[in-house]
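K.L.:
I would like to see how this sequence folds:
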Amino acid sequence: MTVPDLTVRAHEVLWVPAANIWRWSDEIWALHGYETPEAELTRELAIAHAKHVDHPRIFALWARLLEGEHLTFIHDVVTVQARQRPTYMGLRTVSRTGEQRVVKGPMFDLSPDPSIGEDAPGREASRRIAEFDTMSVLQGRVLIHRYASYLGIGPEALSEHFLRRADQTPDLSADTLDHCLADAATGP
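P.N.:
So this is what the prediction gives:
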């Protein structure tokens, strides 16, 4: 039997439902307000960082992930300091061996970033993201830049690819956002 890769890279979340394994990268721990990673990440700890009103939605999304769906989730993380941070998660099954499924994906803080100005690349892509999702144009711009960095490509290339994919997707929605962004890693 093949052993799945359970490593996480920067800004990444990992979940192995059958084994109840959860992992966050150091950046994700920091996003949630921890100075150092806690000894054990559990489902209870993960859900404790979401607003109570979002819990039913999160449980429904986890169920969809178990069915193999690839999806995007935008919500506010409640940090250990009780601050709310708008976040983006794009999760997908990356491997499956029998009943063992490994779900992974990036998570980014969408809070305003002064280093990403109005004239930064991705203006049109940011506007298109804001048209169909619950984030602002500014958050869309932050997402383009953070996702491009995660993929190791420039924000211009990611923006162009996203716009090309968005034009090909008639019912663009939050659930297809990650498809349009993540596919940039593999080319046109």
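K.L.:
quick check: buried residues in stretch 139-159?
P.N.:
Within stretch 139-159, the residues scored as buried using 16 or more other CB atoms under 10 Å are 139-151, 155, 158-159. Placement of C-beta: from N, CA and C, glycine included.
K.L.:
identify each buried residue in the one helix or strand Leu65 maps to, please.
P.N.:
Here Leu65 sits within helix 55-66, counting by DSSP states H and E. For helix 55-66, the neighbour count (16+ other CB under 10 Å) marks 61-62, 65 as buried.
K.L.:
now do stretch 85-103
P.N.:
Buried residues in stretch 85-103 (16+ other CB under 10 Å): 85-93, 101-103.
K.L.:
what packs against the strand ranked longest in the chain?
P.N.:
Ranked by residue count and defined by DSSP state E, the top strand of the chain is strand 84-97. Applying 3 or more CB pairs under 8 Å, 6 or more residues apart in numbering; DSSP states H and E, one finds that strand 84-97 contacts strand 12-16, strand 71-78, strand 100-109, helix 174-182.
K.L.:
now the ones you listed in TSV, with mean pLDDT?
P.N.:
Converted to TSV, the helices and strands packed on strand 84-97 look like this (pLDDT from 0 to 100):
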stretch	mean pLDDT
strand 12-16	90
strand 71-78	84
strand 100-109	87
helix 174-182	63
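K.L.:
mind checking which of the ones you listed is nearest Trp24?
P.N.:
strand 12-16 (5.8 Å; CB to CB).
K.L.:
can you list the weak-confidence ranges in this structure?
P.N.:
Flagging of the chain using pLDDT under 70 yields the residue ranges 1-4, 39, 98, 121, 131-134, 169-180, 182-188.
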